[in-house]
Every structure is written in C-alpha cells, then in structure tokens.
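K.L.:
please find the sequence and the predicted model below.
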Amino acid sequence: MSTIQAIKGTRDILPGEVIRWQQVEAIAKAILERAAYREIRPPVMEFTELFARGIGEATDVVSKEMYTFPDQSKKQRSLTLRPEITAGLVRAFIQNKLFAEGSVQRLWHIGPAFRYEQPQQGRQRQFHQLDVEVIGSRNPRADVEVIAIATDILQALGLKSLRLDLNSVGQGEDRQRYREALVSYLTPYQDELDPDSRDRLTRNPLRILDSKAPRTQEIVQSAPSLLDYLGSDAQRHFDQVQQQLTALGISFQVNPRLVRGLDYYTHTAFEIQSDDLGAQATVCGGGRYDGLVAQLGGPDTPAIGFAIGLERLIILLEQLQRQPPPALDFYLVARGGKAEAQSTVLAQTLRQSGCSVELDLSGSAFGKQFKRADRSGAVACLILGEAEAESGLVQLKWLASGEQTELSQAELYAQVPDLLATIHPLRADAIS
C-alpha cells in the first residue's frame, strides 16, 4: 500500500524546527505587547465575497490564487481559505464593533494563509504570517509606528542585511490620474510586454510595475512616476512619514515602483527586504488602507498594517546560523528499578516548580541515555542510578562544559530558583 504524502506546497514543521518558530513568535509577542498591541484570532475560512470586495477581483490573488469551494448547505455558499489576513481582521473589527471600544485598535495575529502558487524556497501554498494592524488613525505617526515595530522585531532576531523600500500610492484620485498616465505610456509597448502584464494593462496596470520579466522591467524604467501624481494631502502625509522615520534613525530608500499587490492600499506602502534571501527577498510588507473598513461595510475608518512571512524569515535565520535557544532545562536519565521509580517523582516535582524536564523512558544503558541527553538541547542532565536512589542523591551535569556535581534531591529542589536563574540567561545569550 502506498504511503500518503503531504499536499504539494505544504510541509510539516517538525519538532526540531518548531523551537525556532517559537523563538520568533515569543520575540514578536514581547515587542508587540510592550507597544500595547492585542492578539486576535479570526478563522482561516471566510466567505469568498470578503476577499473579492476587499482585495479586488482584478488582483492575481483573487482571480488566480485562492482556494475557493462551495459549502455543503443548500445555498452552496462560496467559501475561501484566506489568502491573506488583513481582510479577515477588518471583518472581525466591523462585525464585533471593536470601533466602539476606543478610537484606535492595535491588533496582531499569527497564523496560516493559503495561495495556489508555484512552490519555491520561502513560498508555500500554505504559509504563515505575523500580521499587525493599527485601525483608527490617519496620523502619519501610525505609519511610522508600525514600520518601527517591524524593524524592531527583525533586528531583535539579529537580522542586519535589511533595507526598507518606501513609497506613497496616494489616494483614490491620485491613483486614478496615475493609472491613466501609466496606461497611456504602456499601450504603445503592449506587444512587447510579458503575457501577464498585457493582461494587467486593462485590469490592474499598477501591478505591471512589479513584473520580473526583463523586457517589461526595461519598459517600466521610463514610465511615469506615481510620486509625480500625488495630491497635496498625500504629499504632505508622505513627507511627514519620511521626516519621522529619519528622526527615529530608520534608514529607507524611496522606491516609486513599489505598489504592493492588493487593491486596498492608499498612501504609504513599504517593504523590508533581505539581500540574503535571493529572488524572494521581501520578508515584510505593508501599507495604509484607509478605505477598506468602509468598503467592507464598516464606518469610515483609516488603518495601516504589515505582514511578515514566517517561512522566509525562518530560512533567513537558518542561513545566518542563528541558533535557537536551548529547548529544555533538564534531561533526566535513570537506570534501575528504584532509580526509575524516583525519577518519575523527581521529574514531576521539578516541572511543578517551573522547570522544563524531559524524562528518558527507555530504560536503556546509561551510555545510550547520555547520547540522547546530548541531542536533546537541554542545558543540564540529571543522573539517577541505583546508588543515588538508595542515598537520596542526584548527579547534576552541565552539558556544555561537562562539569558535574553531586547533591541531595532535597538540595536540588531547594536550589531550583538559583538553577533557573543560571539557565535562563543561557537561553537569552542564544537569542542575542
């Protein structure tokens, strides 16, 4: 009988990898909580209309990449696995009347999204994002805050080869004027454009600026710049964002070709890229979407946010050989009937005292158990043989140095606070 494989474009995140994911999530959560952001957990499945209205039917995401299917009700309602997270957060904001709780909502979410794309390094059909939103402020300071937080998270993880691309896509009237100018410029070249760009010329011409086709890239180099079509309000907003980023010491480059892939963006658009990721260089992207809440049936409410692609981020951390923190405080080995019986009590007592402990259940020889201890990622090994069990003792071995001491089990329990104080800085050193 053949074995069942994972679906193409999905992958198992195995226990040895999960610790790195948890490290990223823990650092992001700590930074976001310090800035008063609150976690929200929307469903991964929504009515298809949410994305058609919110993202835009002319986008590649909606027209080509969504996993959409009818439900089993008599109405055969159209459902979609979310291709991105922002639209679902905005739907939750509206449906649950979060706007009644205060003028500004700061929200974050980590979870999977789904797009039917060609899998490659850093791009899966099921992928994961950290999504961060500020809903309820038109102030340029909100734009700067989310960019600063994204930068803080990436820098806290030790990333250095990063660059921030910044642009303004203006407001509705600005975009319409630019769209007309861009179509007028590109139309004489339509036969030279790549097939996707020829299709976008009437549906979504701004996306042509993102084309990776060499000839199309050459053509758009001389295209009109969106920045030349900004109205006075949009220009003033963009100027203030740049000024405040400079005041924070966050370097950036203005990229007038940066438009992002979703129709709901207004004003600020940005991407944070890494030179270490190859073709898929963008590790974070976001922007302002002042019209989306109203477009989805809510009150007129401005907003801005970003998403960090976790698969790409994990790849980058691995390439930079950023080691995850130790997984365990203690690995407990025991050999012999009385020692094994005591080891269960010892492990459970330490766990209840706040320690993370893996108990070796194999009953195999000490040599094999020690090898597993070395592979476990624990900071220290606790050794309990029949002699120790008879005397109420335990051996404590620091796995990095090999240093070993003998102490009574009562002394071990009493020293738990001091031991944890020693162990946890080792974890902090592994992150820093």
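P.N.:
That came through fine.

K.L.:
CA atoms for contacts and neighbours, from now on please.
P.N.:
Fine.

K.L.:
got the phi/psi numbers for the residue nearest to Arg198 when sequence neighbours are not counted?
P.N.:
The spatially closest residue to Arg198, leaving aside those adjacent along the chain, is Gln190, at 6.0 Å (Cα to Cα, 6 or more residues apart in numbering). Dihedral angles phi and psi of Gln190 (degrees, to the nearest 10) take the values phi -60, psi -30.

K.L.:
burial measure for Gln190, as a count.
P.N.:
Summarising burial for Gln190: neighbours were counted as other Cα atoms under 10 Å, giving 16.

K.L.:
for it, give me the pLDDT.
P.N.:
If you check Gln190, the pLDDT there is 87.

K.L.:
check Ala100 too.
P.N.:
So, for Ala100, pLDDT stands at 89.

K.L.:
phi, psi for it please.
P.N.:
Backbone torsions of Ala100, given as degrees, to the nearest 10, read phi -80, psi -10.

K.L.:
which residues are in contact with it?
P.N.:
For Ala100, no contacting residues are found, by Cα atoms under 8 Å, 6 or more residues apart in numbering.

K.L.:
with Glu192 instead?
P.N.:
Contacts here follow Cα under 8 Å, 6+ apart; on that basis Glu192 touches 215-216.

K.L.:
42 is where my numbering starts, stick with that
P.N.:
All set: I'll call the first residue 42, so the last point we hit is now Glu233.

K.L.:
now it: how far from Gln258?
P.N.:
When distances are taken as Cα to Cα, to the nearest Å, Glu233 and Gln258 turn out to be 11 Å apart.

K.L.:
could you do Pro236 as well?
P.N.:
For Pro236, the distance to Gln258 (Cα to Cα) stands at 13 Å.

K.L.:
higher neighbour count, the two?
P.N.:
Here Pro236 and Gln258 are compared on neighbour count by other Cα under 10 Å; more neighbours surround Gln258, at 16 against 11.

K.L.:
spit out the contact partners of Tyr219.
P.N.:
Here Tyr219 is in contact with 265, 267, 270 (Cα under 8 Å, 6+ apart).

K.L.:
closest to Ile68 out of those?
P.N.:
Checking those against Ile68 by Cα to Cα gives Leu267 as the nearest, at 36.3 Å.

K.L.:
helix, strand or coil for the residue sitting nearest the centre point of the chain?
P.N.:
The central residue of the chain, meaning the one whose C-alpha is nearest the mean C-alpha position (Cα atoms, centre = their mean), is Leu171 at 3.1 Å. Recorded secondary structure, Leu171: strand (DSSP: H, G, I helix; E, B strand; the rest coil).

K.L.:
which ones are touching it?
P.N.:
By Cα under 8 Å, 6+ apart, Leu171 lies in contact with 149-152, 348-351.

K.L.:
give me the buried positions along the longest helix seen in the chain.
P.N.:
With DSSP state H setting the assignment, residue counts place helix 56-75 as the longest helix in the chain. Residues of helix 56-75 classed as buried under the neighbour-count rule (16 or more other Cα atoms under 10 Å) are 60-62, 65, 68-70, 72-73.

K.L.:
same check on stretch 274-289?
P.N.:
275-276, 278-279, 281-283, 285-286.

K.L.:
what about that stretch, distance to the chain center?
P.N.:
26 Å (Cα atoms, centre = their mean, to the nearest Å).

K.L.:
how about stretch 104-118?
P.N.:
Between the mean C-alpha location of stretch 104-118 and the chain-wide mean there is a distance of 27 Å, by Cα atoms, centre = their mean.

K.L.:
how close does the residue nearest to the centre of the chain sit to Pro83?
P.N.:
Distance from Leu171 to Pro83, by Cα to Cα: 13 Å.

K.L.:
please apply the same query to Leu369.
P.N.:
Applying Cα to Cα, one obtains 32 Å for the distance of Leu369 from Pro83.

K.L.:
I figured Gln258 hits Arg248, correct?
P.N.:
No. With contact taken as Cα atoms under 8 Å, Gln258 and Arg248 are classed as non-touching, separated by 11.8 Å.

K.L.:
for the stretch 192-341 of the chain, which segments count as helices?
P.N.:
Using DSSP state H, counting those that start in this stretch, the helices of the stretch 192-341 of the chain run over residues 213-227, 236-244, 255-261, 273-288, 333-336.

K.L.:
low-confidence regions, this structure specifically.
P.N.:
Applying pLDDT under 70 to the predicted model, the residue ranges of the chain that meet it are 302-304, 317-321, 362-368, 466-473.

K.L.:
so Ile345 sits in a helix?
P.N.:
No. With the criterion set as three-state DSSP, the secondary structure at Ile345 is strand rather than a helix.

K.L.:
so in terms of bridging, what pairs with it?
P.N.:
Listed beta-bridge partners, Ile345: Val175, Arg329 (assigned using DSSP bridges).

K.L.:
residues near it, how many?
P.N.:
Here the count is done by other Cα under 10 Å, and Ile345 has 30 residues near it.

K.L.:
before we move on, what about Lys409?
P.N.:
Neighbouring residues of Lys409 were enumerated by other Cα under 10 Å; the total is 12.

K.L.:
how about the contacts made by it?
P.N.:
Residues in contact with Lys409 (Cα under 8 Å, 6+ apart): none are found.

K.L.:
check which helix or strand it maps to.
P.N.:
For Lys409, the enclosing helix or strand under DSSP states H and E is helix 407-416.

K.L.:
buried set for stretch 224-243?
P.N.:
224, 226-227, 231, 234-235, 238-239, 241-242.

K.L.:
Gly95: which of those residues is nearest?
P.N.:
Distance to Gly95 across the buried residues of stretch 224-243 (Cα to Cα) is lowest for Arg241, with 18.5 Å.

K.L.:
would you mind measuring from that closest one to Phe371?
P.N.:
Look at Arg241 and Phe371: by Cα to Cα, they are 58 Å apart.

K.L.:
great, nothing more from me.
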